[in-house]
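[1] Sharing a sequence plus its predicted fold:
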Protein chains: 2
Amino acid sequence: MKNFQYYNPVRVVFGKGTIRELKKLLRDKSKILFLYGGGSIKKNGVYDQVVEALKGKDFIEYSGIQANPDYEDCMNCVLLAEKENVDFILSVGGGSVLDAAKFIAAAIYYEGGEPWEILIGKGRIKKALPLGSVLTLPATGSEMNANSVISRREIGEKRAFSSPHVYPEFSILDPETTYSLSKRQVANGIVDAWVHVLEQYMTTSLDSPLQDRQAEAVLLTLLEEGPKAVLSNKDYEVQANIMWCSTNALNGLIGCGVDQDWATHGIGHELTALYGIDHARTLAVVLPGLLSLMRKQKEQKLLQYAERIWGISMGDTNVRIDEAIARTCLFFESLGVDTRYSDLGIDEDAPEKIAARIDGRNEVFGEGQNIRGPEIIKILKNLKD
Amino acid sequence: MKNFQYYNPVRVVFGKGTIRELKKLLRDKSKILFLYGGGSIKKNGVYDQVVEALKGKDFIEYSGIQANPDYEDCMNCVLLAEKENVDFILSVGGGSVLDAAKFIAAAIYYEGGEPWEILIGKGRIKKALPLGSVLTLPATGSEMNANSVISRREIGEKRAFSSPHVYPEFSILDPETTYSLSKRQVANGIVDAWVHVLEQYMTTSLDSPLQDRQAEAVLLTLLEEGPKAVLSNKDYEVQANIMWCSTNALNGLIGCGVDQDWATHGIGHELTALYGIDHARTLAVVLPGLLSLMRKQKEQKLLQYAERIWGISMGDTNVRIDEAIARTCLFFESLGVDTRYSDLGIDEDAPEKIAARIDGRNEVFGEGQNIRGPEIIKILKNLKD
């Protein structure tokens, strides 16, 4: 096991009817920016519950934060928050709204030049506005971590940042708020959480049996509950289990002391930035190619994954690995998420384009720091070597 | 799944050589009370590492905190801390020293009458002195929770309290500090952690598949690594895995949204208070009787435990349950920890005495709130009904 620090001060408030806890959680806040997305919260009753809990509080609303939240939108919010002397940002929605809230919170106090610097690794965050969330879409894990991903459409970029200053003070997770999600949203969320786990698990074997089993705990539960959730997302227990899985997939715990490989997200972000593909749908296409190409480096973990998740313990190494990858694809497809590059219907030269963009930024992925342009092309074309 | 809140702001600093991080972690503290136990840290080099990291800091020492930390000792520390205007308590040692630190931190600011009230559920903690720890004995989980257990020898009581104000600001976990533990201490720690898991797992089945698997992750890892650690506690990876298991056994995560049953600890504390038996040794004797007596209430979980931890899936219900309990006992005994009441060598009427004390306090245990005096007698005498 490698040395690590684990610090996660988010207060998770989980369960039925918990939105009313907002009143207590916001007791000492005086001016709140209530941030949300496209208005779905007005249809499913969440908006009303939030407004009820905010009664007597001074708050302003900003709506229209879109999936893959946009930099320009966020910067408008920064101006608004400054003008209105906001002292707290309340995100109500999925990971996109929350990621926007985190970026706004950091950008307000940013002392460098343009806040875009935060997203290209040039800016240091020393302070952020406090924020909290009501989560309505289990997927990104943003509710219990310090990460955020922002897109800048005018230049076709999608970039991430992380800072302990943007941990939500609290996140309210009421599984009932997920009842109005579409099948596509539910399926995307499950794939996103699955890939988050693999990005912290499917690397070098470092003698981390507890973290391995904690990761497998999330996978096995997603495997069991995922198909039920896609069939009907009105079963409270199923939704609660999926929601808690997504949070645990990316709250830092399973990543303690192990190597990580964020290649899938890194390459996926490019597909979204360039072609506007749903985040999870990019992951489902990148992952199989990654696992297949990097099979030597990830061998021990791939075999463990084959056995413990898919019950595959017979056959030679490559057969077991191929079978585990195939089963993963079948699982995603059973949820309605395609796994082949050809399913994306994009330019044939997209792999080369993406490889050039990542190389151009001198970015390298993989636990062995050995995934660059040439490997990215192979991953997207799903070539074994 | 039941509604729950999860909040745990402890910064865990884990790994080789991490004691030197104290310098940074204590940067803004001006007067530190350095608390430790019987002097073992002077033999194993931990004392020197801490003093080196404290160079240039104003600190005072208080040593001699014993296993099952004593109330009078703690009260002496409260007076000392007040007199010396201490603004931070640094615990260096195992759970006992840390539990003492937590109680001292809370007692200093206690506004009621005698601070003993905190331990008998009569006192409300509104504030506590900040504290942190260097952990040298994996067992209690105190390093990442808000619990503390204190004994008052003059009246033969052992009582617990919990308050979010006593979460350590940080806990440093360096597995190398455990190399000097005795086999008995190592074995005790493993049993303590095992029982912590069962107290949050072995209750009602509430459709909490993720929490179940997270609990099983700790058990399976202890089962794998425990015997290695008892054989030799100089293997870094083994010690690291045991240490991280103990922390995860009682940091609140596996207890999210599930029923809990702290009968084993409740009854065990009485055995320690009255007869001075090692904490873990009391648990190893109480647990089998509890599982056997409460088998109907815990049936589903007992069968799941039998299958997933011990691989027992054949035979009728009672046979499987008996076998799972027997395997648990064999595991504890393989570590050198006795599991029969007769092994304790104490008064024959101890069960009746303990039952009367617990009933006298109107305490009730069990996830069904149905373990009182008569059940406690049966548990200690290991009677099936």
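    Happy to help now that I have it.
[2] any idea how far A:Leu129 lies from chain B?
    19 Å (C-beta to the nearest C-beta, to the nearest Å). Glycine gets a C-beta too; all of them are placed from N, C-alpha and C.
[3] same deal with A:Gln211?
    Distance from A:Gln211 to chain B, by C-beta to the nearest C-beta: 8 Å.
[4] I'd like to know how many residues surround that residue.
    Using other C-beta atoms under 10 Å in any protein chain shown, A:Gln211 has 25 other residues around it.
[5] model confidence over the helix or strand encompassing it, on average?
    Using DSSP states H and E, A:Gln211 maps to helix A:209-231. On average, the pLDDT along helix A:209-231 is 98.
[6] Mind listing what's buried along the helix or strand that it is followed by?
    With elements assigned by DSSP H and E, the helix or strand that comes after helix A:209-231 is helix A:236-249. The neighbour-count check on helix A:236-249 (16 or more other C-beta atoms under 10 Å in any protein chain shown) flags A:Val238, A:Gln239, A:Ala240, A:Asn241, A:Ile242, A:Met243, A:Trp244, A:Cys245, A:Ser246, A:Thr247, A:Asn248, A:Ala249 as buried.
[7] same deal with stretch A:170-188?
    Buried residues in stretch A:170-188, counted by 16+ other C-beta under 10 Å: A:170-178, A:180-181, A:185-188.
[8] for it, the distance to its chain's centre please.
    Relative to its parent chain, stretch A:170-188 has a centroid offset of 14 Å by C-alpha atoms, centre = their mean, to the nearest Å.
[9] what about it, start to end distance?
    Across stretch A:170-188, the terminal residues are separated by 24 Å (C-alpha to C-alpha, to the nearest Å).
[10] which residues does A:Asn3 contact?
    Contact partners of A:Asn3, counting by C-beta atoms under 8 Å, 6 or more residues apart in numbering or on different chains, are A:Gly257, B:Phe14, B:Gly15, B:Lys16, B:Gly17, B:Thr18.
[11] how about the helices of the stretch 1-150 of chain A, start to end?
    Counting by DSSP state H, counting those that start in this stretch, the stretch 1-150 of chain A has helices at residues A:22-25, A:40-43, A:46-54, A:71-83, A:95-108, A:116-119.
[12] packing partners for the second one?
    Applying 3 or more C-beta pairs under 8 Å, 6 or more residues apart in numbering or on different chains; DSSP states H and E, one finds that helix A:40-43 contacts helix A:46-54, strand A:88-93.
[13] And the contacts of the last one?
    It stands for strand A:88-93. For strand A:88-93, the surrounding residues in contact (C-beta under 8 Å, 6+ apart) are A:22, A:26, A:29, A:31-37, A:40-41, A:46-47, A:50, A:59, A:65, A:81, A:97-98, A:100-101, A:104-105, A:129-137, A:168.
[14] okay, now A:Val195: neighbour count?
    By the criterion of other C-beta under 10 Å, A:Val195 has 26 neighbours.
[15] mind checking how far it is from B:Lys183?
    Separation of A:Val195 from B:Lys183 (C-beta to C-beta, to the nearest Å) stands at 43 Å.
[16] go on, A:Leu119?
    In this view, A:Leu119 and B:Lys183 are 53 Å apart by C-beta to C-beta.
[17] Then A:Thr177?
    A:Thr177 sits 52 Å away from B:Lys183, going by C-beta to C-beta.
[18] nearest residue to A:Glu117 other than its sequence neighbours?
    A:Gly123 (3.6 Å; C-beta to C-beta, 6 or more residues apart in numbering or on different chains).
[19] Tell me which residues touch that neighbour, please.
    Counting by C-beta under 8 Å, 6+ apart, A:Gly123 makes contact with A:Tyr110, A:Gly112, A:Pro115, A:Glu117.
[20] Listing request: residues of chain A with sub-threshold pLDDT.
    For chain A, the stretches flagged by pLDDT under 70 are A:384-385.
[21] now for the one helix or strand A:Ile354 maps to, which elements pack on it?
    Element membership for A:Ile354, per DSSP H and E: helix A:350-360. Here helix A:350-360 touches helix A:263-275, helix A:373-381, going by 3+ C-beta pairs under 8 Å, 6+ apart.
[22] Just put these in TSV and tack on distance to chain B and mean neighbour count.
    Below are the helices and strands packed on helix A:350-360 laid out as TSV (distance: least, C-beta to the nearest C-beta, whole Å; neighbours: other C-beta atoms under 10 Å in any protein chain shown):
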stretch	distance to chain B	mean neighbour count
helix A:263-275	22	22
helix A:373-381	30	20
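[23] Count the residues that sit near the spatially closest residue to A:Pro209 that is not a sequence neighbour.
    The shortest distance from A:Pro209 to any residue other than its chain neighbours is 4.7 Å, reached at B:Thr221 (C-beta to C-beta, 6+ apart). If you count neighbours by other C-beta under 10 Å, B:Thr221 ends up with 24.
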